[in-house]
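# Provided below are the primary sequence and the corresponding predicted coordinates.
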Amino acid sequence: MKEILAFVRMNKTNATKRALLNAKAAGFIAMKVEGRGKLVTDRESLTGLKNDLMAKGQFDDIDDMQEVETLVEGFLDDSRMFARRMFQVVCEDDEVEKIVKAIIDVNKTSYKMGDGKIFVLPLEDAVRVRTGETGSAAL
C-alpha cells in the first residue's frame, strides 16, 4: 500500500477531486494548508510573473498601486506563504501511477512554477475501525 500526498493550487481543488473520483481512488482527505516551494532566483521569470499578475488584477478599488505591487512581490519572493490544498490518498501499489497521472493532468499549468508537488510514501498497514479489517481489505 502507498500514501499519496498532493499539494495543489487552491483553485484546482474541484478539478483534483473530480480527477481522483474518475481515477477510482478508494477515498481521500483534502485540507487547506500553507507552505512554499523552492525559492525562485531567476529574476527574469519573477519579473515576467509579476507583470502578468499586475496586468490580470482587478485593482479599480485600490488607491495605492505601490501596496498592490508589494503584495504581488511578496507572493513571488521568499516573504509569503501560499495557501494550498493537500490531498491525502491511500491506495494499492498498482494504483499509484494512475492516481498520480490524474492529479498531474488537472494541475499542470503553463506557468513555470507553483503547480504543486506529489509525494508517494510506503504505508505499512491500514485498519478499518468498524470491522477490524486490516491491509487492503481496510481500504
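Happy to help now that I have it.
# ok, the helix or strand encompassing E34: who's next to it in the sheet?
Assignment of secondary structure by DSSP states H and E places E34 within strand 28-35. Pairing partners of strand 28-35, with direction, according to DSSP bridges: strand 82-91 (antiparallel).
# Other residues contacting the partner strand?
Residues outside strand 82-91 that contact it (C-beta atoms under 8 Å, 6 or more residues apart in numbering): 1-10, 12-13, 16, 20, 25-37, 75, 99, 103, 114, 116, 123, 126, 139. Every C-beta, even on glycine, is put in place using the N, C-alpha and C of the backbone.
# do stretch 118-129 as well
Defining contact as C-beta under 8 Å, 6+ apart, one finds that stretch 118-129 is touched by 1-7, 90, 96, 100, 103-104, 133-139.
# For stretch 130-139, list the C-alpha coordinates in CSV.
The C-alpha atoms that make up stretch 130-139 are tabulated as CSV, following Å, rounded to 0.1, in the frame of the first residue of the first chain:
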residue,chain,number,x,y,z
ARG,A,130,-15.7,-0.5,12.3
THR,A,131,-14.8,-4.1,11.3
GLY,A,132,-11.2,-4.5,12.4
GLU,A,133,-10.2,-5.5,8.8
THR,A,134,-6.6,-4.8,8.0
GLY,A,135,-4.4,-4.3,5.0
SER,A,136,-6.0,-4.0,1.6
ALA,A,137,-9.4,-5.1,2.9
ALA,A,138,-9.5,-1.9,5.1
LEU,A,139,-9.2,0.3,2.1
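# the helices in the chain, which residues?
For the chain, the helices defined by DSSP state H occupy 13-22, 43-56, 65-76, 96-107.
# quick one: average pLDDT of the second one?
The average of the pLDDT scores along helix 43-56 is 69.
# give me the low-pLDDT residue ranges for this protein?
Segments of the chain classed as low confidence (criterion: pLDDT under 70) are 40, 43, 45-46, 50, 53-79, 112.
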